[in-house]
Every structure is written in C-alpha cells, then in structure tokens.
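**Q** curious how this folds, go ahead:
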Amino acid sequence: MKIRKDDNVIVVSGKSRGKTGKVVLALPKENKVVIAGVNVIKVHKRAQKSGTKGQIIDKSMPIHVSNVMLIDPKNSKPSRIGITRDKDGKKSRVSKKSGTTL
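**A** This is a model prediction of the structure:
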C-alpha cells in the first residue's frame, strides 16, 4: 500500500467523492485508510453511569485505498505514486505527475 499516515489525499469515487483530507490511520492488512472528515457516520453512545446522558458522536470510518489518490505537493492535483530506488538502495515514493519525491 503506497498511501501512509499524514498524507494529503482526495477521494476519487464513492459518496464522499471530491473531498480532501489527511490520512489519520492506515490499515494495510485490510487495504483501507481513515481520512479526517470523510465517510463520517453518527454513532449513538449509551450513558455510562446512571446520572450521565448518552451522546451522538461523529466517527470517520475506513474507506478502501483504491478510492483515494494522493495530492501532488507541487501542483495540488491528484497523482499516482511510483517507487524508485536511490544509489544506496533505499526506496522512495515519487509522484508520477510531477516527479517530486514524497
């Protein structure tokens, strides 16, 4: 999975199409990511003690990584990601649109 935590992404398909946000959590085993403010549902939380009230909480749910594209830092447009190796043999992520390393 080429998208990691703290990457800025845009949703390219689904009900949240066109929304942008930062990746809060990456789930590589499930091929999903959680993006702040995207795919939000309301969760009804029960009262914990007898004197307290219940709450309705907004929660961001995971979205499949194929529905998301990384935003190119150079021109702020969606871009695919490639992987290149340095002379030392270290891998680095590269934007396909502008060629900048991430």
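
**Q** for the biggest strand by length in the chain, which strands pair with it and how are they oriented?
**A** The residue-count maximum for a strand in the chain (DSSP state E) belongs to strand 20-27. Each strand paired with strand 20-27, and its direction, by DSSP bridges: strand 8-11 (antiparallel), strand 32-35 (antiparallel).

**Q** tell me the most buried of those?
**A** Mean neighbour count (mean count of other Cβ atoms under 10 Å) peaks for strand 32-35 among the strands paired with strand 20-27, with a mean of 22. Heads up, the C-betas are built off the backbone N, CA and C, glycines and all.

**Q** just give me how far it sits from the chain centre.
**A** Offset of strand 32-35 from its chain centre (Cα atoms, centre = their mean, to the nearest Å): 4 Å.

**Q** just stretch 13-33 next, same as before
**A** Centre to centre, stretch against its chain (Cα atoms, centre = their mean), the figure for stretch 13-33 is 4 Å.

**Q** straight-line length of that stretch, end to end?
**A** Stretch 13-33 has its terminal residues 14 Å apart, counting by Cα to Cα, to the nearest Å.

**Q** do the same with stretch 52-62
**A** 30 Å.

**Q** run through who's touching it.
**A** Stretch 52-62 is touched from outside by 24-25, 27, 30, 32-47, with contacts defined as Cβ atoms under 8 Å, 6 or more residues apart in numbering.

**Q** re earlier: just send the strands paired with strand 20-27 back as a markdown table, with distance to Pro78 and mean pLDDT too.
**A** Rendered in a markdown table, the data for the strands paired with strand 20-27 read as follows (distance: least, Cβ to Cβ, whole Å; pLDDT from 0 to 100):
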| stretch | distance to Pro78 | mean pLDDT |
| --- | --- | --- |
| strand 8-11 | 5 | 93 |
| strand 32-35 | 14 | 95 |
